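**Student:** Sequence and computational prediction follow.
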Amino acid sequence: HCAVAALVALSFSGAIGLTFLMLGCALEYYGVYWPLFVLIFYFICPIPHFIARRVSDDSDAASSACRELAYFFTTGIVVSAFGFPIILARVEAIKWGACGLVLAGNAVIFLTILGFFLVFGRGDDFSWEQW
């Protein structure tokens, strides 16, 4: 029952993050949809982790090069997702208020993705692989 509550909380926080992103795009004062390209970063963020999990056979090792490389690529993706709206605001493609809303949405979404992997990525009897 704890996992169901965690799933509900994670879906609620994901909805809050996407609401921030949509407000940064759809409010009449901002009205530019360029920040929606940050959705690409949300989708590709977990891919290095999935690849590293498939490739690395030695789960007993404290640290493997493949896992460290996956952390490096994931960090690059997350930093790029935070940098993208800042660059858009610097070149005046979007307003700074929209940039703030997108950055808030990024923080919530990436914390939700992290929470998903912390809750469902342990590999015990109830994991994300069952979904």
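**Tutor:** Cool, the structure landed.
**Student:** ok, now which ones touch the most centrally placed residue in the chain?
**Tutor:** Taking CA atoms, centre = their mean, the centroid of the chain lies closest to Phe110, which sits 3.3 Å from it. Going by CB atoms under 8 Å, 6 or more residues apart in numbering, Phe110 touches Cys45, Val78, Ala81. (Each C-beta comes from the backbone N, C-alpha and C, glycine too.)
**Student:** Which helix or strand contains it?
**Tutor:** Using DSSP states H and E, Phe110 sits within helix 96-120.
**Student:** How far does that helix sit from its chain's centre?
**Tutor:** 6 Å (CA atoms, centre = their mean, to the nearest Å).
**Student:** what inclination does the worst-scoring helix or strand of the chain on mean pLDDT have with respect to helix 96-120?
**Tutor:** Lowest on mean pLDDT, DSSP states H and E among the helices and strands of the chain sits helix 47-55, with a mean of 87. Between the axes of helix 47-55 and helix 96-120, defined by axes from the mean of the first three to the mean of the last three CA atoms, to 10 degrees, the angle is 20 degrees.
**Student:** chain center to helix 47-55: distance?
**Tutor:** Remark: helix 47-55 is offset 16 Å from the chain centroid, using CA atoms, centre = their mean.
**Student:** would you list every one of the strands in the chain?
**Tutor:** Counting by DSSP state E, the chain has no strands to list.
**Student:** And the helices in the chain?
**Tutor:** 2-26, 38-44, 47-55, 65-90, 96-120 (DSSP state H).
**Student:** Could you tell me the least trusted of the ones you listed?
**Tutor:** When the helices of the chain are ranked by mean pLDDT, helix 47-55 comes last with a mean of 87.
**Student:** which helices and strands does it pack with?
**Tutor:** Judged by 3 or more CB pairs under 8 Å, 6 or more residues apart in numbering; DSSP states H and E, the packing partners of helix 47-55 are helix 65-90.
**Student:** Good, we can wrap up now.
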